[in-house]
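J.: just coords:
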């Protein structure tokens, strides 16, 4: 009878807290959330833990990348400094080599000019010798022609024997 009375609402205010359907809805509500909340809490915490570990991993990766970037930057700066020093040394070496080459070229030019000057002087001297020889040869030819002409004139007049005797007489004086 209790079941029918309760269904009919006969004892509607007398049953107390346990007979109130709002109470049982609240209890069911709390039980549902207690059981479901435990599962939901577990899922939520797992999801948050995964998210936390993903964020921690991303932070660790970011820190590693930053460290790698700093290391690469340091290496690049060192390489740049080394390349700048090497380029400075190469430029200095090129300048020194250019100065040496310029000095060699100047020395070679001076040597070449001196050689050509000497060759020109030798040619001039050779031309002078040749011109002097030609003048002498011409003078000898003219003297011989004049002597022949003079001898023909004088030989024809009978002075030949007197000239030969005179030349023989002067020969001992000229030899000593």
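T.: Arrived safely, thanks for sending. No experiment lies behind these values; they were computed from the predicted model shown.
J.: Tell me, how many residues neighbour residue 47?
T.: 10 (other Cβ atoms under 10 Å). Placement of C-beta: from N, CA and C, glycine included.
J.: what about it, distance to residue 40?
T.: 10 Å (Cβ to Cβ, to the nearest Å).
J.: what's the answer for residue 162, then?
T.: 168 Å.
J.: Same question for residue 57.
T.: 25 Å.
J.: likewise residue 133?
T.: Distance from residue 133 to residue 40, by Cβ to Cβ: 132 Å.
J.: now do residue 48
T.: 12 Å.
J.: Also residue 125?
T.: 122 Å.
J.: give me the low-pLDDT residue ranges for this protein?
T.: Counting by pLDDT under 70, the chain has low-confidence residues at 1-15, 154-160, 176.
J.: which residues in the chain form helices?
T.: Remark: helices assigned in the chain by DSSP state H are 2-8, 21-155, 160-175.
J.: Please give the number of neighbouring residues around residue 175.
T.: With other Cβ under 10 Å as criterion, residue 175 counts 6.
J.: Likewise for residue 19?
T.: Neighbour count for residue 19, taken as other Cβ under 10 Å: 14.
J.: what do you get for residue 151?
T.: 13.
J.: Ok, residue 31 next?
T.: 11.
J.: One more: residue 56?
T.: Neighbours of residue 56 (other Cβ under 10 Å): 10.
J.: and what of residue 173?
T.: Residues near residue 173, counting by other Cβ under 10 Å, number 7.
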